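1. Sequence plus predicted model, see below.
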Amino acid sequence: MGYSMVLDQFNNILESLKEDYKIFAPKVFKDKGTYSDTDMIRYGEISSVKEIEFDQKSYYSAKELILPITQTLFYFTEDNVIEPKVDNEKGIIIFLRSCDINAIERLDEIYLRNGQEDPYYKKLREKVKLVLIECKNSFENCFCVSMGSNKTEDYSLFIRKKDNDILVDLKDDEFLRYFETYDKSEVLPNFIESNEIKVNIPANLGIDAFSYDLWEDYSSRCISCGRCSTVCGTCSCFTMQDIFYSDNLSTGERRRVWASCQIDGYTTMAGGHEYRKDKGERMRFKTMHKIYDFNKRFGYQMCVGCGRCDDACPEYISFSHCINKLDKLVKEVK
Amino acid sequence: MKNNIYLPFKSKIIDIIPQTDIDFTFRMEFKGDVKPGQFFEVSIPKYGEAPISVSEIGEDYVDLTIRRVGKVTDIIHTFSQGQHLFLRGPYGNGFDINIYKNKEIIIAAGGTGLAPVKGVIDYFIKNLEEVKKFTLICGFKSPKDILFKEEVEKWNKYIDVMLTVDESDEEYNGRKGLITEHIKDISIKNLDETNVIVVGPPIMMEFTTKEFIKRGINEENIWVSHERKMCCGVGKCGHCKINDVYICLDGPVFNYSKAKALVD
């Protein structure tokens, strides 16, 4: 069902929605960028449509909203473990692009379907409503078309901002009451049909690829900073951490924090033995996970081609180039 | 939260049985289904969690044989009988006893690798008629590192036990050398129906498995148990993943025909 309205009217809707939902969208954080006098675009709470950054890619994905960077699993006292209270009052609305909606599908796979459900993820995920925003043009380093994540049907609302007007496609009846008094107008999202970067996922990829020299190229280039995983919408790993309160050593909490297969210590076991010490091995592990292993296990590719890993790497390592180099090698070997 | 997979429960330490200077068996209160080869996440608030294999399964207890090698296990070793530890589990697939019934079985265990397979040994010692032939070959660094010493002696009365140590002083009269050096001495009646379980440090598993294949054991009849940093134990954290496999969910016990394709 489609509607059209002017910006202020949409802002009124946001105002009403705020009573029941926390609303998040990519927004500009002035002067908060990595370098001097640069801005940071990341997810933050918004009150009006003017705050939404429609034209630039956000540095981080929306995953932190349903998979917090740090999350308390429980508190402990001397003898007991106590679960944290969860804010049940409000739902969560997230404005995001097609690739990012597809990325959330990958997180759902791990947290809801790979073994038992994760109760903390589920609690947040059930509160989330997704609002699709379009990409007018493909951004730098994006290769969503190659990964098939340029399109999605999985949204409650789609909104298009056109000058002073907002066009809405509504799929979720829960939102109907906010929109039904407005003019009806048909609108459907336009999806990116082509990116500058094209990636060929190697056909017939198998474990022979583990022994390619290609991976060694990354042994000296990668610095194990883990930025690629931090910005990735599909990286879902975490490490558990116990902390205790310095003013009361009998109480503390167990948390989980984001982790990455690219950083030191990820595979270290008790006694000090570490698998994949070499950074090239870690790059191989990540690459194969994103374009081979996940697909083998769940039936679709993990990487959504948002290109944020390439945007973020301080060593200019390009994941899309890596996939294409791998494809070339596989073809040469076969 | 209902069915919170991360929430540990309190379990009383019924007994502590010293094995070596650094290995102790903690007998923990537990009622429920457990299979040999499965593991529990053992935790102490403020110190963290560690995955520990089950080394014996009783009606109302499980044994966890814990080596003092890190932050969590160091603190566990300061605990005494009557105190409590926190547990989650059991996790993992464990050994399917039925696979080995009415066949010849060889277990090759290196060091603490004897703990996860001890449940299989215990089962067949009690049900000797269910196995055609049973050989245990276990290797330790030195005589003072031998685990389950009394049990090994007891088992020796019922099954073939080959115990070897990597190194020892002159007073030690037993078998010496790595497990791999003694595999040629194991008597096997029927190669085709013999099942082999290999558990131990990664390098021991690799070469021991190769030796058994050299002797003519089918890959499909070899079983290994992998050890990894299993941080969550429930297929979420990703630490134990190799290729498309999550050791905590799909393992730790694997058939070698599958395990050989797992490349770290």
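-> Perfect, thanks for sending it. Numbering: from 1, shown residues only, chains lettered A, B, ... in the order given.
2. Can you read off the backbone torsions of residue 219?
-> No chain specified, so I'll use chain A. A:S219 has phi and psi values of phi -60, psi -40 when expressed as degrees, to the nearest 10.
3. think we crossed wires, I meant chain B
-> The phi and psi values for B:E219, taken as degrees, to the nearest 10, are phi -50, psi -40.
4. In contact with the closest residue in space to it that isn't next to it in sequence, which residues?
-> By the measure of C-beta to C-beta, 6 or more residues apart in numbering or on different chains, the closest residue to B:E219 outside its immediate chain neighbours is B:S257, 4.6 Å from it. No exception for glycine: its C-beta is placed from N, CA and C like everyone else's. Neighbouring residues of B:S257 by C-beta atoms under 8 Å, 6 or more residues apart in numbering or on different chains: B:219-220, B:222.
5. Domain ranges for chain A, per the record?
-> A:2-68+A:85-178, A:207-238+A:259-333 (the TED database).
6. what about the shortest one, start to end distance?
-> Looking back up the chat, that one is domain A:207-238+A:259-333. 13 Å (C-alpha to C-alpha, to the nearest Å).
7. cool, the longest one as well?
-> Counting by C-alpha to C-alpha, you get 13 Å between the two ends of domain A:2-68+A:85-178.
8. quick one, helices of the chain?
-> In the absence of a named chain, chain A is used. A:7-17, A:98-108, A:119-125, A:144-147, A:176-179, A:217-221, A:227-231, A:279-288, A:294-298, A:308-312, A:319-333 (DSSP state H).
9. you looked at the wrong chain, it should be chain B
-> B:71-76, B:97-100, B:114-126, B:149-155, B:179-182, B:202-214, B:247-250, B:256-259.
10. sorry, back to before: let me know the closest of the contacts of B:S257 to B:P45.
-> Checking the contacts of B:S257 against B:P45 with C-beta to C-beta, the nearest one is B:I222 at 40.1 Å.
11. got a list of what the residue nearest to that closest one when sequence neighbours are not counted touches?
-> Spatial nearest neighbour of B:I222, excluding adjacent residues (C-beta to C-beta, 6+ apart): B:Y256 at 3.7 Å. Contacts for B:Y256 (C-beta under 8 Å, 6+ apart) come out as B:198, B:209, B:219-220, B:222-224.
12. Between all of those residues, which two are separated the most?
-> B:V198 and B:E220 (13.9 Å).
13. the more surrounded of the two?
-> Applying other C-beta atoms under 10 Å in any protein chain shown to B:V198 and B:E220 shows that B:V198 carries more neighbours, namely 27 against 11.
14. Quick test: name the residue nearest the centre of chain B.
-> Geometric centre of chain B, nearest residue: B:P116, 1.8 Å, by C-alpha atoms, centre = their mean.
15. Would you mind confirming that that one makes contact with B:V54?
-> Yes - contact criterion C-beta atoms under 8 Å: B:P116 and B:V54 qualify, at 7.2 Å.
16. Identify the contacts common to these two.
-> B:36-37, B:39.
17. now, which of these sits nearest chain A?
-> Chain A lies nearest to B:F39 out of these, by C-beta to the nearest C-beta, at 13.0 Å.
18. Compute the distance between the closest one and A:T239, please.
-> Going from B:F39 to A:T239 by C-beta to C-beta, to the nearest Å gives 18 Å.
19. Would you mind telling me which of the two has more residues around it?
-> B:F39 (27 against 20).
20. If the more buried one is in a bridge, with which residues?
-> Going by DSSP bridges, B:F39 is paired in beta bridges with B:S53, B:Y91.
21. how about it, what does it touch?
-> Residues counted as contacts of B:F39 (C-beta under 8 Å, 6+ apart) are B:51-54, B:89-92, B:116, B:230, B:233, B:252.
22. hang on, the earlier thing: of the contacts of B:S257, closest to B:D192?
-> Using C-beta to C-beta, B:E220 is the member of the contacts of B:S257 that lies nearest B:D192, at 10.5 Å.
23. if I pick that closest one, what's in contact with it?
-> By C-beta under 8 Å, 6+ apart, the residues touching B:E220 are B:255-257.
24. I'd like those residues as a markdown table, with pLDDT appended.
-> Formatted as a markdown table, those follow (pLDDT from 0 to 100):
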| residue | pLDDT |
| --- | --- |
| B:N255 | 97 |
| B:Y256 | 96 |
| B:S257 | 95 |
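25. Could you let me know which of those residues ends up closest to chain A?
-> Top of the list for closeness to chain A, among those and by C-beta to the nearest C-beta, is B:S257 at 13.3 Å.
26. just to revisit the earlier point, measure the residue nearest to the centre of chain B to B:R88 for me?
-> Taking C-beta to C-beta as the measure, B:P116 falls 17 Å from B:R88.
27. just to revisit the earlier point, separation between the residue nearest to B:I222 and B:T209?
-> Distance of B:Y256 to B:T209, given as C-beta to C-beta: 6 Å.
28. Repeat that for B:I99.
-> 17 Å.
29. So between those two, which is more surrounded?
-> Neighbours were counted for B:I99 and for B:T209 using other C-beta under 10 Å; B:T209 has more, 22 against 13.
30. How is chain B divided into domains?
-> For chain B, the TED database gives the domain ranges B:9-91, B:97-260.
31. would you turn those into CSV with distance to A:F139?
-> What follows is those, written out as CSV (distance: least, C-beta to C-beta, whole Å):
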stretch, distance to A:F139
domain B:9-91, 41
domain B:97-260, 28
